[in-house]
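**Student:** Quick one: sequence and predicted model below, then my questions.
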Amino acid sequence: ITIQRDSSAKGPPKQFPHQNFKPMPNGDCGDGVTNPYPTSEVPDKYWAQRKRFFSNFDEGIVLDKEGWYSVTPEAIAHHIASRLSAKKKDSVVLDAFCGCGGNSVAFARQPEVSLVVAVDSDKKRLELAAKNASVCNISKEKILFIHGNACEVLQSYKDSKLVEVSSDDSESNNLKKANITTTSDDSKSPSVPDDSKSHSVPDD
């Protein structure tokens, strides 16, 4: 097994015999970069696979404790997105539980997808998803982050369009407000609703 050398690797690439293969210690996947986190926060086996989750991980991708084991690996997310969006021009995709954004980013990269509506009930995880989308150079016009209930969001769309909500429906009004406030003064970075500015990894 030959480990492909990445620009962040330390030392020459290593080769391993296929038989009796054992993982290297401390999360080293062969590039010489060991796990900088306590294993109680980020197990070595996940750190070693970080570039399976996001190939540009070293450019600023951030994951929380749950994200390390729940994010969809990039190649799988791309396969899912490309299969589901094939020949469906101007699709609007709802990522009901976007987490740290792996699937949302993959769908936003598809030319057939006009908008990804990324929803999560955890505001801090939504911030991480927005940060990761920015690192992956996803335009803010291609992805909309909503802090709320995915069922309410789904009811507010019809034929891929946001429908008007009744003035006496408080839950729908809150949802519409969430859509409006997911704009940003930063033309490069996707935004999150409310007054969120921080993209730091949340403390447990």
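**Tutor:** Thanks, I have the structure now.

**Student:** need the next SSE after the longest strand seen in the chain, C-terminal direction.
**Tutor:** In the chain, taking DSSP state E as the definition, the longest strand is strand 113-120. Using DSSP states H and E, the helix or strand that follows strand 113-120 in sequence is helix 123-135.

**Student:** so the following helix or strand past that next one versus strand 113-120, what angle?
**Tutor:** Where DSSP H and E defines the elements, the next helix or strand beyond helix 123-135 is strand 143-147. If you take axes from the mean of the first three to the mean of the last three CA atoms, to 10 degrees, strand 143-147 sits at 20 degrees to strand 113-120.

**Student:** Tell me which helix or strand comes right after strand 143-147.
**Tutor:** As assigned by DSSP H and E, the chain's next helix or strand after strand 143-147 is helix 150-155.

**Student:** How about that next one, which residues are buried there?
**Tutor:** By 16 or more other CB atoms under 10 Å, the buried positions in helix 150-155 come out as 150, 152, 153. C-beta: built from backbone N, CA, C; applies to glycine.

**Student:** Relative to the longest strand of the chain, what are the paired strands and their orientations?
**Tutor:** As defined by DSSP bridges, the strand partners of strand 113-120 come to strand 91-95 (parallel), strand 143-147 (parallel).

**Student:** and the buried residues of helix 150-155 as CSV, adding pLDDT and distance to residue 58?
**Tutor:** Putting the buried residues of helix 150-155 into CSV (pLDDT from 0 to 100; distance: CB to CB, whole Å) gives the following:
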residue, pLDDT, distance to residue 58
150, 87, 31
152, 85, 37
153, 84, 33
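
**Student:** element containing residue 51, please.
**Tutor:** Using DSSP H and E, residue 51 sits within helix 50-53.

**Student:** Show me what that helix is in contact with.
**Tutor:** Contacts to helix 50-53, defined as CB atoms under 8 Å, 6 or more residues apart in numbering, come from residues 6, 29, 57, 58, 61, 63, 71, 73, 74, 75, 102.

**Student:** Which of the residues you listed fall within helices?
**Tutor:** Cross-referencing the contacts of helix 50-53 against helices under DSSP state H gives 74, 75, 102.

**Student:** out of these, who has the most neighbours?
**Tutor:** residue 102 (26 neighbours; other CB atoms under 10 Å).

**Student:** Let me see the contact set for it.
**Tutor:** 53, 54, 71, 72, 73, 74, 77, 132.

**Student:** Run a quick neighbour tally on the fourth one.
**Tutor:** Here the neighbour count serves as a burial measure; for residue 72 (other CB under 10 Å) it reads 20.
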